[in-house]
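J.: give the three-dimensional model of this entry:
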Amino acid sequence: MSNPKHVAFIGLGVMGGPMTGHLARAGFHVSAYNRSPERADQWRSIWAQENLSIKFFDTPAEAAKDAAIVFTCVGNDDDLASVTLSEEGVITTMQPGSLLVDHTTVSADMARRLASECASRSIDWIDAPVSGGQAGAENGQLAIMCGGTEAAMEKARPVMNCYGKAIVHVGPAGTGQTAKMANQMCIAGVLGGLSEAIRLADAAGLDLEKTFQAISGGAAQSWQMNNRWSTMTEDTFDFGFAIDWMRKDLGYALNEASRLGLSSPVTALVDQLYAEVQASGGGRLDTSALITRLPKGPKQ
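T.: All right, here's what the predicted structure looks like:
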């Protein structure tokens with residue numbers, strides 16, 4: 001029987017690294033794996049300064065062996081398949097009765113495929129994409145959208161509380177990913193409107209800080225407005241969630257909408273605007289760099 005305090009975390013990026021640290025601080029025995037040895041070395045150095053005991057392994061399978069819960073947080077469908085379903089993937093060593101929780105944003109099809117594979121091995125599954133960005137991961141304030149069984153959620157929730165502030169069980173396998181698609185569609189639409197609003201206020205000669213104060217207390221208020229208005233006006237776009245990743249997420253959302261027979265013109269338009277920012281070399285900029293696609297108008 002696996003030690004319930006033994007967990008594994010696969011993927012130590014800007015999200016997974018901080019989440020892993022929160023687990024170790026909470027007293028879990030953490031095994032870790034990252035595809036890039038350089039990134040693993042960076043986290044090893046950071047955690048050593050805190051005296052956090054996190055054991056690193058050379059393959060996902062080795063890290064997952066004997067873990068009660070295995071967490072994954074990688075890039076996309078192919079990355080997730082590599083660390084889970086390959087010969088060195090976590091599923092090859094996970095024990096019956098253990099739990100696989102995926103925090104990657106992937107397609108709903110991939111989530112359902114992994115849920116089926118886990119079920120065939122008597123492994124519990126939750127697709128649990130997150131929202132809140134790098135700051136949310138570092139501060140342990142992530143929103144987590146979950147798809148899976150009630151029993152799997154009972155196992156996962158106390159552990160995810162280490163880095164989640166809002167953990168919602170949406171429904172069966174795949175629904176967490178679909179909820180994340182809805183989340184990204186909302187963000188895309190808000191940033192599109194926010195970009196145009198800032199350009200309008202600026203061209204009209206308004207004081208941008210006073211404009212923010214005037215409109216952020218009413219119906220226009222949003223997380224993006226509160227956190228990105230000032231940085232967008234200052235042309236600062238060095239935050240954690242890149243346009244490259246947003247386009248990947250919007251692609252999943254548009255594909256799922258098409259599968260359901262839906263039209264998503266706003267999402268499709270913003271996705272195309274992001275493609276133009278990518279083409280100009282801005283793919284690694286924060287998603288709020290959407291505003292760079294809109295030229296500044298002449299001041300009044």
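
J.: ok, residue 115 touching residue 152?
T.: No. When contacts are counted by Cβ atoms under 8 Å, residue 115 is not listed as touching residue 152 (9.7 Å). From N, CA and C alone the C-beta is placed, and that goes for glycine too.

J.: where do the contact lists of the two overlap?
T.: Counting by Cβ atoms under 8 Å, 6 or more residues apart in numbering, the common neighbours of residue 115 and residue 152 are residue 125.

J.: for residue 6, helix, strand, or coil?
T.: Here residue 6 takes the strand state, with states given by DSSP: H, G, I helix; E, B strand; the rest coil.

J.: now the nearest residue to it once chain neighbours are set aside: how far from residue 67?
T.: Of all residues beyond its chain neighbours, the one nearest residue 6 is residue 29 (4.7 Å), with distances taken as Cβ to Cβ, 6 or more residues apart in numbering. Distance from residue 29 to residue 67, counting by Cβ to Cβ, to the nearest Å: 9 Å.

J.: between these two, who's got more neighbours?
T.: Legend: neighbour count by other Cβ atoms under 10 Å for residue 29 and residue 67, higher for residue 67 (27 against 18).

J.: for that one, give me its contacts.
T.: By Cβ under 8 Å, 6+ apart, the contact list for residue 67 reads 2, 6-8, 31, 94, 98.

J.: for it, phi and psi?
T.: Here the main-chain torsion angles of residue 67 (degrees, to the nearest 10) amount to phi -80, psi 140.

J.: how close does it sit to residue 4?
T.: Residue 67 sits 10 Å away from residue 4, going by Cβ to Cβ.

J.: buried residues, stretch 34-50. List them.
T.: Residues 34-35, 39-40, 43-44, 47 are the ones in stretch 34-50 that count as buried (16 or more other Cβ atoms under 10 Å).

J.: would CSV of those residues with secondary structure, distance to residue 174 and pLDDT be doable?
T.: Putting those into CSV (DSSP: H, G, I helix; E, B strand; the rest coil; distance: Cβ to Cβ, whole Å; pLDDT from 0 to 100) gives the following:
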residue, secondary structure, distance to residue 174, pLDDT
34, coil, 26, 97
35, coil, 25, 94
39, helix, 29, 94
40, helix, 31, 94
43, helix, 31, 96
44, helix, 35, 94
47, helix, 34, 96
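
J.: now those residues in a markdown table, with distance to residue 256?
T.: Below are the buried residues of stretch 34-50 laid out as a markdown table (distance: Cβ to Cβ, whole Å):
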| residue | distance to residue 256 |
| --- | --- |
| 34 | 29 |
| 35 | 27 |
| 39 | 30 |
| 40 | 33 |
| 43 | 33 |
| 44 | 38 |
| 47 | 37 |
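
J.: what's the local residue count around residue 298?
T.: Using other Cβ under 10 Å, residue 298 has 5 other residues around it.

J.: check residue 14 too.
T.: For residue 14, the number of neighbouring residues by other Cβ under 10 Å comes to 17.

J.: so it, which of the three states?
T.: coil.

J.: how much space between it and residue 137?
T.: To residue 137, residue 14 is 7 Å away according to Cβ to Cβ.

J.: same thing with residue 192?
T.: Residue 192 sits 25 Å away from residue 137, going by Cβ to Cβ.

J.: the two: which has the busier surroundings?
T.: Remark: of residue 192 and residue 137, residue 137 carries more neighbours, 26 against 20, as counted by other Cβ under 10 Å.

J.: only alpha carbons, please: show the host helix or strand of that one as CSV.
T.: Using DSSP states H and E, residue 137 falls within helix 133-139. This file holds the C-alpha atoms of helix 133-139, laid out as CSV (Å, rounded to 0.1, in the frame of the first residue of the first chain):
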residue,chain,number,x,y,z
GLY,A,133,-1.0,32.3,-13.5
GLN,A,134,2.5,32.2,-12.1
ALA,A,135,1.5,34.5,-9.2
GLY,A,136,-1.4,32.2,-8.3
ALA,A,137,0.9,29.2,-8.3
GLU,A,138,3.6,31.0,-6.2
ASN,A,139,1.1,32.3,-3.7
